[in-house]
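In: Got a predicted structure plus its sequence, pasted below:
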2 protein chains.
Amino acid sequence: MSLLSNLKRSIPSLSKAESRIAKAILIDPEATVNMTTSELARLAGVSDPMISRFCRTMECTSFPDFKVQLAKSLVNKVSFISEAVSPGDNSANYIEKRINANQAALEYIRTKLDPAIIEQTVAALSRSKKIEIFGMGGCAAIAKDAQHKLFRLGIPTMAHEDHLMQRMVAASADEDTTILIFSFTGRTQAMVEIAEIAKNSGAKLITICSPNSPLAELADITITSGDELEDTTIYVPMTTRIIILTITDILTTGLALEQGEEIEAQLKKIKHSLDSTKII
Amino acid sequence: MSLLSNLKRSIPSLSKAESRIAKAILIDPEATVNMTTSELARLAGVSDPMISRFCRTMECTSFPDFKVQLAKSLVNKVSFISEAVSPGDNSANYIEKRINANQAALEYIRTKLDPAIIEQTVAALSRSKKIEIFGMGGCAAIAKDAQHKLFRLGIPTMAHEDHLMQRMVAASADEDTTILIFSFTGRTQAMVEIAEIAKNSGAKLITICSPNSPLAELADITITSGDELEDTTIYVPMTTRIIILTITDILTTGLALEQGEEIEAQLKKIKHSLDSTKII
DNA sequence: GTCAATTATGTAATTAAATTAAATTCTATA
DNA sequence: TATAGAATTTAATTTAATTACATAATTGAC
C-alpha cells in the first residue's frame, strides 16, 4: 500500500492539525521530502512536534523515516498523476505518457481490489460446470480474451458478443453455470437485461463493471472495471481495458493455483496441440 | 539514472574511505535508508563527517537527501524483479505479484519501444485507406480490440480471425491497405503465409511480434510483442498481452494526435451513438 | 629518498533538526 | 457551566548532521 494514497484516504479520520499537515503535504509531495519538520510545520500552520506525532500516526517511526517512505511512494506517483496527452506531443512524449497512464491504472487497482472478493470469485468459477462470458462493444474483445484464458483450465467456457445469442445462453443457464459479464459502465440496457435473464435462470452472476451501476446491483459478485477512473478526454479510453485484463489475469492465476498440479498436464496438452502450426 | 547504479559504477573513481562507504551501502541499501550518519560511518569504518562528504560527492545536498534519493531508486529495483506466483500463495499474494509483473512489463517496453518506429507506424496507418488486422488464438482478441480502437479514427478497419477470411482479405489488399498482424511468437505458419500473400498484393505490412522471427523478417515495420520477455511457467502467459495492448494504445494515440481537431467531432458522434443504449 | 604541496581523513565544536515532557487550550458531555 | 479528555503548543532536551580545524596520507618535483 502506497503511503501517498494512504495519506489521501486517511484525511477524514485525522485530527484537525493532522489533516492540515496531510493537506500541506499533498499540495507538493515532491517538495516535502526535502523539508525539515519546522518548514513543513510552518507550511501547515501547526507546531513542530505535531509533525513528529503525525508521522507516527501514519505508522512511520520518525519524520526522516516518513520522508523516505514518501519518496518511495512518489516514484510510482509520478505516474499516478499521469499527464494527459496533448496536441503537439511528439512520439517520445506520448509513448511515455501512455505507459505511465497504464502503469498508474495498475497502481490504482492495487488498492481497489479486495482479496476476499477475488477469492470468492475464484471459488465460484472453480465450482461451476460451465462459464459463459458476455461483452459487447469494447468489452467484446475482453470477453474473448477471458474465454481464451479460462477455457484452458478445464471448465467449458464460451464468450458471446451477439446479443441474441447472449439472451439464449443466459436463459438456458442453470445453477451450475457461472455467467461473467464485462461492461465498462454497467449501464448498457442490453447487458442489464441479460443479467436479469441470467438471475432468473438461477446461474451465478459475476460482473466486472463500474460499482454502483444497475448491473452491479444485480450481480452476486462485482469487481470494479475502474470505469470511475476513466479520464473522459477523447484520447484515453484505454486504462480500464488494462485494468479488466489484469483482473482476468488475476482470476485465471487464482483458478490455476486452486486446481494445483493436475492442471499442468492439461496446459501442456493445449500448448503442444499448437506445435505443428509453428515454424521452428 | 538511478542513484543505486550510479553508486556501483562510481566506486573505482572514489577515494579509499568513500569507496568503503559505497560498499557498505551496497551490502544492504534497504537498511541504509533508515541509518544515521554515525551508524553508517561505523559500518563503513570511517568517521562521521566522511558520510556528509560522500553524499556531496554523490551530488546530494545532505545525508537525509541522499537517503531519499536512495529510497527512490530502490523502488524500481524491487518491482522490476517481479516474483513468479507459486503454489501456496494466498489471494493477496498473487494479486500483488500479477500487478507487479504487468507493471514490470510496461516498464520493459518503456526502454524497448523506439519512438522513430512508432512514428513510422503511425504515419503508415495514417496514410492508408484501409486497415486490415489479423490475429489468431490469443491474438484474435487483441486484433478485435485493435479494430475497436482504430476504426474510430475514420479509417475503415476490420479484424479477422478466420484463416480463410484472412487469406482472401490479404490477397485482395492493395497499396493503399495497411495490414497489421499480431502474433506473440511470429512463428505461426498460417500467419507467415498470410504475410507472404499480403506482401505480394502490395499492401504495407506491419507486424507486432517477436523480433528475429520469420514474420518479423517479412514485415515493412516490426514492433516487439515482448515475447522474448515471457516467463514460460504455465501461470503467466499474460504480460505480452498487456504489452501489445499498450502498443495498440500508443499507436491509436499517435494517430488521434496526427488527425488533430477534426477527429473530435467524429469521436463525439461515435460516443453519442451509444447514448440510447444506456440507462441513465 | 625527501621535501613541499595537495588531497584525504579524522577530531572536536557547532549548528540544526527532531523529539520529549510539561503546560495550555480546546471540545464534548454530564 | 464545570470538567474529563483529547488535541495542541511552548519550552527543554536529545539526537543528528555538518563545519572548522587539525592531522595524516599521497603525489610529484628535485
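Out: Good, I have the coordinates. Numbering: from 1, shown residues only, chains lettered A, B, ... in the order given.

In: tell me the domain ranges of chain A?
Out: A:3-76, A:115-272 (automatic domain parsing).

In: just those domains: most buried one?
Out: domain A:115-272 (a mean of 20; mean count of other CB atoms under 10 Å in any protein chain shown). Every C-beta, even on glycine, is put in place using the N, C-alpha and C of the backbone.

In: for the stretch 51-200 of chain A, what spans make up the strands?
Out: A:130-134, A:157-160, A:177-182 (DSSP state E, counting those that start in this stretch).

In: Could you please name the strands the first one pairs with and the direction of each pair?
Out: This means strand A:130-134. Applying DSSP bridges, strand A:130-134 is found paired with strand A:157-160 (parallel), strand A:177-182 (parallel).

In: What's the mean pLDDT across the longest one?
Out: Mean per-residue pLDDT for strand A:177-182: 96.

In: Give me the contacts around it.
Out: With contacts defined as CB atoms under 8 Å, 6 or more residues apart in numbering or on different chains, strand A:177-182 is touched by A:124-125, A:127-135, A:139, A:142-143, A:146, A:170, A:173, A:191, A:194-195, A:198, A:201, A:203-209, A:215, A:219, A:225, A:244.

In: So for B:Ser38, which of the domains of chain A sits nearest?
Out: Closest approach to B:Ser38 among these is made by domain A:3-76 (13.8 Å; CB to CB).

In: follow-up on the earlier one: wait, which of the strands of the stretch 51-200 of chain A is closest to B:Leu113?
Out: Nearest of the strands of the stretch 51-200 of chain A (CB to CB): strand A:177-182, 27.9 Å.

In: now chain A, which segments are flagged as low pLDDT?
Out: Where chain A drops to pLDDT under 70, the residues are A:1-2, A:76-87, A:225-238, A:263-264, A:267, A:271.

In: Any idea which residue of it lies closest to DNA strand C?
Out: At 2.7 Å from DNA strand C, A:Ser62 is the closest residue in chain A, using CB to the nearest atom of the strand.

In: which residue sits closest to that residue in space, ignoring its chain neighbours?
Out: Excluding its sequence neighbours, the residue lying closest to A:Ser62 (CB to CB, 6 or more residues apart in numbering or on different chains) is A:Cys55, at 6.3 Å.

In: you'd agree that neighbour is up against A:Phe63?
Out: Yes: at 5.0 Å, A:Cys55 counts as touching A:Phe63 under the criterion of CB atoms under 8 Å.

In: which residues do those two both contact?
Out: What both A:Cys55 and A:Phe63 touch, as defined by CB under 8 Å, 6+ apart, is an empty set.

In: Let me know the helix or strand that A:Gly202 is in.
Out: Following DSSP states H and E, one finds A:Gly202 outside all helices and strands.

In: Contacts only, for it.
Out: A:173-175.

In: Same question for A:Ala190.
Out: Counting by CB under 8 Å, 6+ apart, A:Ala190 has contacts A:136, A:163, A:166, B:277.

In: Of the residues you listed, which is the nearest to B:Val68?
Out: For these, the nearest to B:Val68 is A:Met136 (48.4 Å; CB to CB).

In: Now that closest one: closest residue in space, sequence neighbours ignored.
Out: Excluding the flanking residues, the one nearest A:Met136 by CB to CB, 6+ apart is A:Glu161, at 5.9 Å.

In: do the same with A:Gln120
Out: A:Ile221 (5.6 Å).

In: circling back: looking at the domains of chain A, which is nearest to B:Ile99?
Out: domain A:115-272 (6.5 Å).

In: A:Leu26 and A:Ala116, how far apart?
Out: 29 Å (CB to CB, to the nearest Å).

In: Please apply the same query to A:Phe184.
Out: 24 Å.

In: quick check, A:Ile206 in a helix?
Out: No: A:Ile206 sits outside any helix when classified using DSSP: H, G, I helix; E, B strand; the rest coil, being strand.

In: which residues touch it?
Out: A:121, A:124-125, A:178-181, A:219-223.

In: and if you look at A:Leu251?
Out: Taking CB under 8 Å, 6+ apart, one finds A:118, A:121-122, A:125, A:150 in contact with A:Leu251.

In: hmm, try it at 10 Å
Out: A:118, A:121-122, A:125, A:146, A:149-150, A:180, A:206, A:208, A:223, B:98 (CB atoms under 10 Å, 6 or more residues apart in numbering or on different chains).

In: quick one: the helix or strand harbouring A:Glu258 to chain centroid distance?
Out: Assigned by DSSP H and E, A:Glu258 belongs to helix A:239-259. Taking CA atoms, centre = their mean, to the nearest Å, one finds the center of helix A:239-259 at 10 Å from the center of the full chain.

In: Could you check the angle that helix makes with strand A:177-182?
Out: Put simply, helix A:239-259 runs at 150 degrees to strand A:177-182, going by axes from the mean of the first three to the mean of the last three CA atoms, to 10 degrees.

In: Just the CA coordinates for helix A:239-259, please, in PDB.
Out: Provided in PDB are the C-alpha atoms of helix A:239-259 (Å, rounded to 0.1, in the frame of the first residue of the first chain):
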ATOM      1  CA  THR A 239      -6.900   2.400 -19.000                       C
ATOM      2  CA  THR A 240     -10.000   0.400 -17.900                       C
ATOM      3  CA  ARG A 241      -9.100  -2.100 -20.500                       C
ATOM      4  CA  ILE A 242      -5.800  -2.700 -18.900                       C
ATOM      5  CA  ILE A 243      -7.500  -3.000 -15.500                       C
ATOM      6  CA  ILE A 244     -10.000  -5.500 -16.700                       C
ATOM      7  CA  LEU A 245      -7.400  -7.600 -18.400                       C
ATOM      8  CA  THR A 246      -5.300  -7.700 -15.300                       C
ATOM      9  CA  ILE A 247      -8.400  -8.700 -13.300                       C
ATOM     10  CA  THR A 248      -8.900 -11.600 -15.800                       C
ATOM     11  CA  ASP A 249      -5.200 -12.400 -15.400                       C
ATOM     12  CA  ILE A 250      -5.600 -12.500 -11.600                       C
ATOM     13  CA  LEU A 251      -8.700 -14.600 -11.700                       C
ATOM     14  CA  THR A 252      -7.100 -17.100 -14.000                       C
ATOM     15  CA  THR A 253      -4.000 -17.200 -11.800                       C
ATOM     16  CA  GLY A 254      -6.100 -17.900  -8.800                       C
ATOM     17  CA  LEU A 255      -8.000 -20.600 -10.600                       C
ATOM     18  CA  ALA A 256      -4.800 -22.300 -11.800                       C
ATOM     19  CA  LEU A 257      -3.400 -22.200  -8.300                       C
ATOM     20  CA  GLU A 258      -6.600 -23.800  -6.900                       C
ATOM     21  CA  GLN A 259      -6.500 -26.600  -9.400                       C
END
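
In: Distance check, the spatially most central residue of chain A against A:Ile133.
Out: Nearest to the mean C-alpha position of chain A, by CA atoms, centre = their mean, lies A:Ile109 at 3.5 Å. According to CB to CB, A:Ile109 stands 20 Å off from A:Ile133.

In: try A:Pro64
Out: For A:Pro64, the distance to A:Ile133 - CB to CB - is 51 Å.

In: and what of A:Ala173?
Out: Applying CB to CB, the value for A:Ala173 to A:Ile133 is 12 Å.

In: ok so, going back, out of the domains of chain A, which gets nearest to B:Arg20?
Out: Each of the domains of chain A was scored for nearness to B:Arg20 using CB to CB, and the closest is domain A:3-76 (23.0 Å).

In: Redo the strands paired with strand A:130-134 as CSV? Include distance to B:Thr240.
Out: Shown next, in CSV, are the strands paired with strand A:130-134 (distance: least, CB to CB, whole Å):
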stretch, distance to B:Thr240
strand A:157-160, 20
strand A:177-182, 21
